[in-house]
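Asker: Give me a 3D structure for the following:
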Amino acid sequence: MKVKLRNFLLSDLEQVMKIEKDSFAFPYSESYFKKIYRKYPQGFIVAQENRGKIIGYVVFQSTINSGEMISLAIEPDYRKKGIGTKLANFAIEHFKNREVNKITSHVRTKNKAGILFHRSLGFKKTKTIKNYYSNGDNAFLMIKEI
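Answerer: Next up is the predicted model:
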């Protein structure tokens with residue numbers, strides 16, 4: 001299967017929201033994604049399969065010398081095919097090109113797959129943040145030095 005990465009368009013939002021809702025018990029809202037897109041449009045990338053369907057996305061932002069991976073999700077039927085790694089590596093390269101030396105990401109302490117995925121990319125758990133999520137769940141702060 002051929003997968004193309006491209007910049008997010010507002011017309012992709014419906015498909016991105018479906019992936020978001022299928023992937024997370026407490027999904028981000030449409031308004032949050034629009035806000036992130038307006039703030040840092042180059043940090044919103046979608047994965048599109050050859051028939052045009054959006055099958056994943058990554059949202060990230062960078063500051064002067066650090067970056068943050070905000071969200072990454074793949075449609076359930078397309079998981080375990082390397083698409084998430086391809087999206088994450090795109091974000092990591094983006095950060096390297098901006099001379100960012102540290103990438104952070106927050107992962108629910110209950111999200112075993114997310115923790116393993118981040119570890120496979122070289123992220124390390126640095127601390128637990130209590131009540132990080134709106135429902136009271138804790139998060140691991142994970143950091144990758146680049």
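
Asker: State whether residue 93 is indeed within a strand.
Answerer: No: going by DSSP: H, G, I helix; E, B strand; the rest coil, the assignment for residue 93 is helix, not a strand.

Asker: ok, now how distant is it from residue 65?
Answerer: 16 Å (C-beta to C-beta, to the nearest Å). The C-beta positions use only the backbone N, C-alpha and C, and glycine is treated the same way.

Asker: Residue 136 sits in which helix or strand?
Answerer: Using DSSP states H and E, residue 136 sits within no helix or strand.

Asker: quick one: the strands in this protein?
Answerer: 3-7, 44-49, 54-62, 67-74, 102-108, 124-129, 139-145 (DSSP state E).

Asker: what packs against the last one?
Answerer: Contacting strand 139-145 under the criterion 3 or more C-beta pairs under 8 Å, 6 or more residues apart in numbering; DSSP states H and E are the following elements: strand 102-108, helix 112-120, strand 124-129.

Asker: so which of the ones you listed comes closest to residue 82?
Answerer: helix 112-120 (11.0 Å; C-beta to C-beta).

Asker: what angle separates that closest one from strand 67-74?
Answerer: 130 degrees (axes from the mean of the first three to the mean of the last three C-alpha atoms, to 10 degrees).

Asker: on contacts alone, who are the packing partners of helix 112-120?
Answerer: Checked by 3+ C-beta pairs under 8 Å, 6+ apart, helix 112-120 has helix 83-97, strand 102-108, strand 139-145 packed alongside it.
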